[in-house]
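J.: what follows is a predicted protein model with its sequence.
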Amino acid sequence: MPQATAQTVLSVPFRLKVEATRLTEQQFIELCRENRDLRFELTADKELVIMAPAGSETGRQNSEIAYTLTAWAKKDGTGLSFDSSTGFRLPNGAIRSPDAAWIRRDSWHTLSPEQRRGFAPLCPDFVLELRSPSDQLSALQDKMQEYIDNGARLAWLLDPSQKRAYIYRPGQPVERRDDPPTLRGDSVLPGFVLHLDILDLS
């Protein structure tokens, strides 16, 4: 098996099998804390996904999305919004960090204080992923379906480079929208409107 050298360049996201190491949630938390320049997720198949920090443009777009969702959530009052630094332990065992998420307040209140301090053991009602230049579209599409399969009621995948949005709902085919000016939260996020000009998507 080839050995890594100083010249080895690893493409990101990079996947590392960790099932045999029996990585605990606390160890995963410590790994994230000790490597703050990287982003980590853990798949249901116990693969550690290592991602580079978001580029400046992607970071700006994420900030706009988080601000818009949080402003709506505060006004609506029925749930709580979360940014891209938040991890959730899905029912299938994966630990995922969507770029933006929203959870009904009554679901959040079923969690203990200890569960809230760690990776909340639930799937958000709404998740959003923003494709960065280093992201493979197929991998993100699989992740969106995973959210739906684990309880999300609405999921948006935004692809600024292609000026495209993919909308996922339980029991329905994926809806693709080309160059949409806005996306609306339907019955899951009533009254929420994301104007995509903030992402230069339209």
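T.: Sure thing, it's come through.

J.: what's the lowest-mean-pLDDT helix or strand in the chain in contact with?
T.: The helix or strand of the chain with the lowest confidence, counting by mean pLDDT, DSSP states H and E, is strand 14-17 at a mean of 73. Under the criterion C-beta atoms under 8 Å, 6 or more residues apart in numbering, residues 43, 46-51 lie in contact with strand 14-17. Where C-beta positions appear, they are placed from N, C-alpha and C, glycine not excepted.

J.: could you tell me which strands it is paired with, and in which direction each runs?
T.: strand 47-51 (antiparallel) (DSSP bridges).

J.: next one: the partner strand to chain centre, how far?
T.: Put simply, strand 47-51 sits 13 Å off its chain's centre (C-alpha atoms, centre = their mean, to the nearest Å).

J.: name the next helix or strand downstream of it, please.
T.: Per DSSP states H and E, the first helix or strand lying C-terminal to strand 47-51 is helix 56-76.

J.: on that earlier part again, widest-spaced pair of the contacts of strand 14-17?
T.: 46 and 51 (16.9 Å; C-beta to C-beta).

J.: pLDDT-wise, what's the bottom of the contacts of strand 14-17?
T.: For the contacts of strand 14-17, the weakest pLDDT value sits at residue 51, with 74.

J.: show me what that residue is bridged to.
T.: Going by DSSP bridges, residue 51 forms beta bridges with residue 39.

J.: I'd say it and residue 35 touch.
T.: No: assessed by C-beta atoms under 8 Å, residue 51 is found out of contact with residue 35, at 11.0 Å.
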